[in-house]
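J.: sequence and computational prediction follow.
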Amino acid sequence: MDPDILRVSDRLAIAIELGESHFREFKSAFEGPPNNRKPRDPKAVCEDIAKTLVAFANADGGELLIGVEDGRDVTGLSYKPEVIEMLRRAPNTHVHKDTPLPQPHTVLVDYKGERVLYFSVPKGAKYVHLTSEGKCLQRKDLESVPIPSEQIALSRAEVTSREYDRSFVDGAQVSDLDQVLVARVAADIANGISNEKLLQHLELAEFDGYQLKLRRAALLLFAHQPNKWHPRLQVRVLQIKGTELKTGESYNVLVDEEVTTNIVSLVEASWELLRPHLTETRFSKDAVFRSQIMYPELACREALVNAIAHRDYSIEGRGIEVRVYTDRLEIISPGGLMSAIKLEDLSRLRGLHQSRNSLVSRVLREVGYMRELGEGMRRMFELMKSNDLTPPDLFADNNIFSITLHHKYTYTRDQKLWLDAFANCSLTREQKTVVLLGHNGHVISPKEIWDAVGIVDTEIYRQLLESLVRLGILETVRSKPSASNYAKKQNIPVKHVPRFAIHLPGVPRSSDKHSTGEADRQSLPRPRNAPQASSTPPLRAVRAALDDKSDYSRVFVANLPQNSSEGDLMKAMAAYGTVVDVKIPKDPGTNCVKGFGFVEYDKSSEAASAIGASGAIELGGRYLTIRRAVPKGNVASRRRGSNRGQVRPR
């Protein structure tokens, strides 16, 4: 065979096209404003190289390009040869001598007239890697974040599991792969490069001077005859009558089907096998058979892909098993959790991630079956919640990991009775969420509504409240001026002040002042039952009842001290206007402040004043950088995979 060898310049072109990701980082060799750029301090660049490669080795491996901007522009290196040589040695000189990187690869490339320094490092299995200063970092999505070394310490039993998909397989050849499937993946992620180049780009193969040597991951992902290389590349689906699996004469399995194929094809094939079991046909009150969705499809698919991507393939005697009981669905995969991941961390949605099969996971992400690593669990929980179902149950021991989805609603009996009183209103899920907040006479704050519903846009918030006012079930019990005065007295953001109450349909409402003595009840003619078009109050009256003309303008605040509190930030920013909300994100793993936060003002003019004071506001010895926050919906994705179509196997 005459292999088509992938040159490093080709790898650079593909990397720049794909952009930064969990496996890829760009670093500039320049600093300063656009019209006065100058070379960065080489020592700082060496530190960046060490930190990034250490983070990659402690996660799933990756590649670093020095001389490429975050926006993918190639600006190159302007250093003298001796300085470039210093940068090349950084993976050795700036990494702790007791935790050397696993086979770091360094090449200086002339790319489009600019010199670019290319580094790559595989996933580490022997050490928890540290910089020369003793810092422990790990790659998480697009960032290299500090992490306690204990969280990524590896047991010897895990080494075999972690290295299983990376090991080379004697006798395996490119012809053992499904060439059509490989070509489809190449067309999807790398502009149709040759199959051999794709395999090398994804680190699934290496050229030894005579031929391409395939790693086991290449065979797991693309094998033409998968049983030849692994006996249990399969998903088995059992439909069980009842709530437990019985044996012998009481055996209660109604359907027992399985599919065996390579991993890329297995995702779709197993989904088609499972999907019919997610609905149930029942005889309705109107004497018609109707299909009822039992589980959210996207949550089930996420759990299935999670099992395929992260099962322990070194356990060759078992496959993935899906059990569909009358009341729940269980997805059981071979192999327990990695030692660095705790079950309670997954349940608390801390976004922790450590991939057992780094190459398999990387390919599934690149082709679009997975998004950013570590986010799948969070999406499953959110999908179950958005469908009013109880959260998934997670279980792990040394041999298996399982996810159980229940067909059980989150409402308590009292909550269900409360919602039943609004049955004629045909509430949406978002409206139900607000109505539940007002259960048992609870007076609701705007902050509670924003958080419970997951609102990120002021207009959406107003539309939701207006819809509830039109239905005659939301009333304002504390006016905006009264809420502002209360917030000042209590030294809390205005958004946190309770202002709204839920009114039962058909129950006469009082026009008296609210019992707190501080609230102004906003009266508005409302229907006694489900609203009719003729009784719907005009928009002017609806907005008057809400009594809120806020702009809700948000600013982004950077350079926060590590010990910052939301109260401290509120005090610092209150000089420029009425602060309605403050949020300082924390790292879920370490509970440390991330160094930035968000402050929301009542008026856009107040936000503009705060932005004008950027660099002049001091907090904890630091001067804050302030700019207008970009709404989440308007943030352009830097991840090419987020818009990429999925590969559809044969």
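T.: That came in fine, so what should we check first?
J.: stretch 227-241: end-to-end distance?
T.: Looking at stretch 227-241, the gap from its leading to its trailing residue is 31 Å under the measure C-alpha to C-alpha, to the nearest Å.
J.: give the buried residues for that stretch.
T.: Along stretch 227-241, the positions that meet the burial threshold by neighbour count (16 or more other C-beta atoms under 10 Å) are Trp229, His230, Arg232, Leu233, Gln234, Val235, Arg236, Val237, Leu238, Gln239, Ile240. Where C-beta positions appear, they are placed from N, C-alpha and C, glycine not excepted.
J.: try stretch 190-203
T.: Neighbour-count burial for stretch 190-203, with 16+ other C-beta under 10 Å as criterion, is recorded at Ala190, Ile193, Asn195, Glu196, Lys197, Leu198, Leu199, Gln200, His201, Leu202, Glu203.
J.: out of the buried residues of stretch 227-241, name the ones that lie in strands.
T.: Among those, the members falling in strands are Gln234, Val235, Arg236, Val237, Leu238, Gln239, Ile240 (criterion: DSSP state E).
J.: now, which of those residues sits nearest Gly597?
T.: Using C-beta to C-beta, Val235 comes nearest to Gly597 of those, at 44.0 Å.
J.: okay, that closest one: pLDDT?
T.: At Val235, the pLDDT value in this model is 97.
J.: excluding chain neighbours, what is closest to it?
T.: Leaving out its chain neighbours, the residue that sits closest to Val235 by C-beta to C-beta, 6 or more residues apart in numbering is Ser270, at 3.7 Å.
J.: which residues touch that neighbour?
T.: Ser270 sits next to Val235, Val237, Val259, Leu304, Ile308, Ile320, Val322 when contact means C-beta atoms under 8 Å, 6 or more residues apart in numbering.
J.: tell me which of those is nearest to Lys549?
T.: For Lys549, the closest of the contacts of Ser270 turns out to be Leu304, at 48.1 Å, with distances computed as C-beta to C-beta.
J.: mind listing what that closest one touches?
T.: Val235, Val267, Ser270, Trp271, Leu274, Ile320, Val322, Ile331.
J.: how far off strand 234-240 does the helix or strand encompassing it point, in degrees?
T.: The secondary structure element spanning Leu304 is helix 297-310 (assigned by DSSP states H and E). For helix 297-310 and strand 234-240, the angle between their directions (axes from the mean of the first three to the mean of the last three C-alpha atoms, to 10 degrees) works out to 140 degrees.
J.: buried ones in helix 297-310?
T.: Neighbour counts over helix 297-310 (16+ other C-beta under 10 Å) mark Ala299, Cys300, Arg301, Glu302, Ala303, Leu304, Val305, Asn306, Ala307, Ile308, Ala309, His310 as buried.
J.: I'd say the second one and Leu274 touch.
T.: So that's Cys300. Yes: counting by C-beta atoms under 8 Å, Cys300 touches Leu274, with 6.7 Å between them.
J.: how about a markdown table for the contacts of Ser270, with distance to Tyr79 added?
T.: Formatted as a markdown table, the contacts of Ser270 follow (distance: C-beta to C-beta, whole Å):
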| residue | distance to Tyr79 |
| --- | --- |
| Val235 | 52 |
| Val237 | 58 |
| Val259 | 55 |
| Leu304 | 49 |
| Ile308 | 45 |
| Ile320 | 51 |
| Val322 | 56 |
